[in-house]
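**Q** Provided below for reference: sequence and predicted model.
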Amino acid sequence: EVLKESSYDIFVAGHGLPSNKASTTTFIGYLEDAKELASTVNSSEAYVKGMTDKYPLFFGEALLRSSAANVTFPIEFADAVTPSPSPSPTASASPEETDDGGVCFPATAVVELEGKGFVEMSNLEVGDRVRVGP
């Protein structure tokens, strides 16, 4: 729900191509299906097969295999708690002010921009065009 109500139009989830607000329903469905499947299968192989069969265009088989490799299935989930929305990032936050522990894109990660070459994520500006493929 937080994504659906966000003022942002483009989302970079960390794995896969950037998407738009209209895609959030699909991604929420993916996460709900992942949770449901993880709570019913008995092996990582069954989990990966179930997700890749249902979402063949999500190019995530290697990531699913890696994530599921050290998990004991089925997974028992506690009742979900709705998290409070995180504050929106500000352009003035420096890498030292940002907690990058465990995120896919730390402030020091380098990306290639159209017409600007390679820059750290912390130096991205609204309107920059980031290369997302080979």
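**A** Here it is on my side, so go on.

**Q** pLDDT below threshold where in the chain?
**A** 1, 13-17, 79-105, 133-134 (pLDDT under 70).

**Q** Scan it for its longest helix.
**A** helix 24-38 (DSSP state H).

**Q** Where do the strands of this structure begin and end?
**A** Here the chain has its strands, by DSSP state E, at 10-11, 19-20, 110-113, 117-120.

**Q** and those as TSV, adding mean neighbour count and distance to V71?
**A** Any C-beta I mention is one placed from the backbone N, CA and C, and that applies to glycine too. Formatted as TSV, those follow (neighbours: other Cβ atoms under 10 Å; distance: least, Cβ to Cβ, whole Å):
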stretch	mean neighbour count	distance to V71
strand 10-11	12	26
strand 19-20	12	26
strand 110-113	14	30
strand 117-120	11	33
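
**Q** so what's the residue in the chain sticking out farthest from the centre closest to, chain neighbours aside?
**A** The C-alpha centroid of the chain is most remote from G115, which lies 26.4 Å away (Cα atoms, centre = their mean). Of all residues not flanking G115 in the chain, R129 sits nearest, at 7.7 Å (Cβ to Cβ, 6 or more residues apart in numbering).
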